[in-house]
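Novice: What follows is a predicted structure for the sequence shown.
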Amino acid sequence: MASIDLDKVLDKAWADKPLPEILAAPVAALKGVSDRDGELLEEAFGVATVAELAELKYIRWAQALAALDSAK
């Protein structure tokens with residue numbers, strides 16, 4: 001089972017929320033992602049929530065490529 005330190009990846013306002021609420025949150029709930037960044041992601045890719053960002057095919061492609069590189 002995967003685990004993650006939510007304090008390291010989420011803004012403080014979101015770190016104590018239940019997972020379904022975090023996934024439905026705007027991408028700006030992620031630490032280091034500004035409201036403006038969220039707006040740009042929505043304009044460019046139609047991504048408005050953390051869950052939508054996770055499902056973005058470009059993110060998945062980049063992760064797969066990185067995994068191939070680290071498997072060397």
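Specialist: The structure has been received and is ready for your questions.

Novice: Near A48, how many other residues are there?
Specialist: Neighbourhood size, A48 [other Cβ atoms under 10 Å]: 16. Bear in mind the C-beta positions are built from the backbone N, C-alpha and C, glycine included.

Novice: So for A71, what's the pLDDT?
Specialist: Looking at A71, its pLDDT reads 79.

Novice: where's it relative to K8, distance?
Specialist: 25 Å (Cβ to Cβ, to the nearest Å).

Novice: and the host helix or strand of G38, how far out from the chain's middle?
Specialist: If you go by DSSP states H and E, G38 is part of helix 35-45. Put simply, helix 35-45 sits 12 Å off its chain's centre (Cα atoms, centre = their mean, to the nearest Å).

Novice: can you check stretch 10-26 too?
Specialist: With Cα atoms, centre = their mean, you get 11 Å for stretch 10-26.

Novice: How confident is the prediction for I4, by pLDDT?
Specialist: 89.

Novice: give me the number of residues near it?
Specialist: 8.
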